[in-house]
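Chemist: Sequence and predicted structure are below.
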Amino acid sequence: MPTFEVDHLSLHYLTRFGEKIQAVSDVSFTMEQGEILGIAGESGCGKSTLVNGLMGLFIPPLYPTSGDVRVGGESLMKRTPQDIRKNVLSQKVSMIPQGAFNALNPTRKIKDIAADVIASHTGGHTSKKDIEARLRERFDLFGMDTERVLNAFPIQLTAGERQRSVIGISTLLNPQMVIADEPTSALDVTTQKVVIRMIFDLLEKGIFNTMIFITHELPLLRHVANNIAIMYAGEFVEKGTNEQVVFDPRHPYTQALMGSMLSAEPGQKSRKPVSIEGAPPSLAKVPPGCRFAARCPVARADCKTQKQELRMVAGRLVRCNYAE
Amino acid sequence: MPNNSSAPAPVFYAKNVTKTFGHGKTLVKAVDDVSFSIADGEIVSIVGGSGCGKSVLAKVMLGLYKQNQGEFTYRGKAITDTRSHWNEVQSVFQDPFSCFNQFFSIRSQLKDALNILKVKPSKAEADARVDAGLMAVNITPKDIEGKYPFELSGGQMQRMLLARIFALRPKVLIADEPTSMVDACVRANILDYLMKLKVELGMTIVFVTHDIGLAYYVSDRLFIMHEGKIVESGTPDEVTQHPQSPHTVQLLEDIPEIHKEWLKR
């Protein structure tokens, strides 16, 4: 049985003017134990909205339109945020947020923030001493100066240490599934590597084993994920294995995305990164046909009117009627 | 300072520049004994990890900080009057949202920027220059008519900063992480505009970035910074293919490249 199932999930925002913004449409995938799924796409394509949906955390103005999310067979839909927070977050599904500095309360020490997570999910029966011992045991795995980090306020730590502490706190209760939403995009490359290494360390030690990794950096996904899904204007436009998507993209958007990458590899200086002109469509008025048609370099006459469905092309799913 | 009458003075010249913050126990050397010179029309990138002092060095170049020790000159003269300095040296900052006042329309702020010039343009000319600047970054002036900063996306705001540069036409541009906020496809766009600027205006550009891929693509020369010191400098190919300093090697290894083994699993 798959650990994590997402079945035709659509999510929308409702503005106070009664406008419906379809942020995520018809996303389906399943994940097995030990799988790492990477989701990539440009800003505003619905990655972060999808994260909220995958946790079942619907706080207005975000509403589920249709579809289902199941963790170990248990549905996360139609539950109150309180219920989700108490029984799902941290234990079954946990999220690693983007800005570690915003995620940590600046007036409390790391150990107090972390102790809250344990206390609130064990009904307050654990003694302070036990909690601290557990924290120390867990933080010892992270390769940091445990005593100093636990007793520090967030501002006293470096960006890398903060991000690692946040990952540590997110995974304290051994969740089945971890969703990392751009965990390294605010860090420099050296720190990024340290943080990714820590995530793999935790995977190896079995603290969690299934992960969704969200980023807009495809080269990073290449090294992190088993499978990659490319998102555009709220839809998955291509989903396949790491090698398929990175080395042999079939959807025009994925190809354009790969073309816009810069790299410091030898002989690449003459290769000009290609920019994609224009902007994604407004999700308040979803176009009837292909959502990428207006920017697509190989669009055909009927692309703007014909609905595109995900179909199998060369062993992966592509949402383009003409891709081959 | 090199003042042989034949060669023109370099745009920026630094000799043993040190900038420290704090004192006593809390003394931090942000820039530590740095020497370099940047010639007219050159594109130089300063690359380093967080906290290596690259932004402080950029602020020294802008005259926002004064060095504690050493000599720093712009075209042979020390920076004394920042207003006249900014006439010729302008910058694009990291976070476009904190660069604009949210209570004024973007257009009025772009026009206000022209007041820094020595010869103030007439009203009609100012309008024309702002329009030209906007057109240069692929934004029709009508689109932002009456718009305020919070109504635009991050990528659009970053383009507004570039439109400002197009309107001002400075001789030197200091770009402090101009593409940190945007994703890869918008980044390629912004680089296109910058290259256009460089060709049209013959500008000298100093890039400050932690993205060695970007630096490699745009620049004539790279400076690698580590803990306040410039540990290596040279052409992009020299630096990326035959790195001498262990810090450069580390930096290069840490970038996730598609065709390279990055992290053993």
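Modeler: Structure received.
Chemist: from here on, contacts and neighbour counts on C-alpha atoms
Modeler: Will do.
Chemist: Do you know the pLDDT at the nearest residue to residue A:142 once chain neighbours are set aside?
Modeler: Computed as Cα to Cα, 6 or more residues apart in numbering or on different chains, the closest residue to residue A:142 that is not its neighbour in sequence is residue A:198, at 6.6 Å. Looking at residue A:198, its pLDDT reads 90.
Chemist: and what of residue B:227?
Modeler: 90.
Chemist: Tell me if I'm right that it and residue B:50 touch.
Modeler: No. The criterion here is Cα atoms under 8 Å, and residue B:227 misses it with residue B:50 at 9.5 Å.
Chemist: ok, these two, which is more surrounded?
Modeler: When neighbours are counted by other Cα atoms under 10 Å in any protein chain shown, residue B:227 and residue B:50 differ, and residue B:50 comes out ahead with 20 against 17.
Chemist: check contacts around the more buried one.
Modeler: A:187, A:188, B:210 (Cα atoms under 8 Å, 6 or more residues apart in numbering or on different chains).
Chemist: Which helix or which strand is home to it?
Modeler: Using DSSP states H and E, residue B:50 sits in no helix or strand.
Chemist: who wins for neighbours among the contacts of residue B:50?
Modeler: residue B:210 (26 neighbours).
Chemist: quick one: that one from chain A, how far?
Modeler: 6 Å (Cα to the nearest Cα, to the nearest Å).
Chemist: just checking, that residue touches residue A:190?
Modeler: No. Using Cα under 8 Å, residue B:210 makes no contact with residue A:190, being 9.7 Å away.
Chemist: shared neighbours, these two?
Modeler: residue B:49.
Chemist: In terms of distance to residue A:45, which of the contacts of residue B:50 ranks first?
Modeler: The closest of these to residue A:45 turns out to be residue A:187 (Cα to Cα; 21.8 Å).
Chemist: Need the phi and psi values for the closest one.
Modeler: phi -110, psi 160 (degrees, to the nearest 10).
Chemist: Let me know the pLDDT of it.
Modeler: 82.
Chemist: ditto for the one 4 residues further on
Modeler: With respect to pLDDT, residue A:191 has a value of 86.
Chemist: Show me what the helix or strand that it is a member of is packed against.
Modeler: For residue A:191, the host element (DSSP H and E) is helix A:189-204. Helix A:189-204 sits against helix A:159-170, helix B:246-254, with contacts defined as 3 or more Cα pairs under 8 Å, 6 or more residues apart in numbering or on different chains; DSSP states H and E.
Chemist: model confidence over the longest one, on average?
Modeler: Right, the one you point to is helix A:159-170. Helix A:159-170 comes out at a mean pLDDT of 90.
Chemist: Equivalent analysis for stretch B:68-79, please.
Modeler: Here the average pLDDT along stretch B:68-79 is 91.
Chemist: And the residue of chain B that's closest to chain A?
Modeler: residue B:213 (4.4 Å; Cα to the nearest Cα).
Chemist: So what's the gap between the helix or strand containing that residue and the chain middle?
Modeler: Assigned by DSSP H and E, residue B:213 belongs to helix B:212-218. When C-alpha coordinates are averaged (Cα atoms, centre = their mean, to the nearest Å), helix B:212-218 and its chain have centres 13 Å apart.
Chemist: Give the next helix or strand downstream of it.
Modeler: Heading C-terminal from helix B:212-218 (DSSP H and E), you reach strand B:221-226.
Chemist: Report the strands that pair with that next one, each with its relative direction.
Modeler: Using DSSP bridges, strand B:221-226 pairs in its sheet with strand B:43-47 (parallel), strand B:229-234 (antiparallel).
Chemist: Show me where the stretch 51-200 of chain A dips below the pLDDT cut-off.
Modeler: Low-confidence segments of the stretch 51-200 of chain A (pLDDT under 70): A:124.
Chemist: ok, which stretches of it are helices?
Modeler: Here the stretch 51-200 of chain A has its helices, by DSSP state H, counting those that start in this stretch, at A:81-87, A:100-103, A:110-121, A:128-139, A:146-150, A:159-170, A:189-204.
Chemist: Check which helices and strands the second one sits against.
Modeler: So the one you mean is helix A:100-103. Helix A:100-103 packs on helix A:159-170, going by 3+ Cα pairs under 8 Å, 6+ apart.
Chemist: for chain A, what are the nearby residues on the stretch 51-200 of chain B?
Modeler: With Cα under 8 Å from any Cα of the partner chain as the criterion, the stretch 51-200 of chain B meets chain A at residues B:182, B:183, B:184, B:185, B:186, B:187, B:188, B:189.
Chemist: What ranges does the stretch 1-150 of chain B have for its strands?
Modeler: For the stretch 1-150 of chain B, the strands defined by DSSP state E, counting those that start in this stretch cover B:12-21, B:28-38, B:43-47, B:69-74, B:77-78, B:89-92.
Chemist: ok, residues contacting the third one?
Modeler: This points to strand B:43-47. Counting by Cα under 8 Å, 6+ apart, B:38, B:54, B:204-212, B:215, B:218-225 sit against strand B:43-47.
Chemist: ok, now with 7 Å
Modeler: B:54, B:204-210, B:212, B:215, B:219-225 (Cα atoms under 7 Å, 6 or more residues apart in numbering or on different chains).
Chemist: same deal with the first one?
Modeler: Contact with strand B:12-21 is made by B:27-38, B:67-75, as judged by Cα under 7 Å, 6+ apart.
Chemist: Would you mind listing which of those residues are buried?
Modeler: B:29-35, B:38, B:67, B:71-75 (16 or more other Cα atoms under 10 Å in any protein chain shown).
Chemist: Between all of the residues you listed, which two are separated the most?
Modeler: Of all pairs in the buried ones among the contacts of strand B:12-21, the most separated under Cα to Cα is B:29 and B:75 at 25.9 Å.
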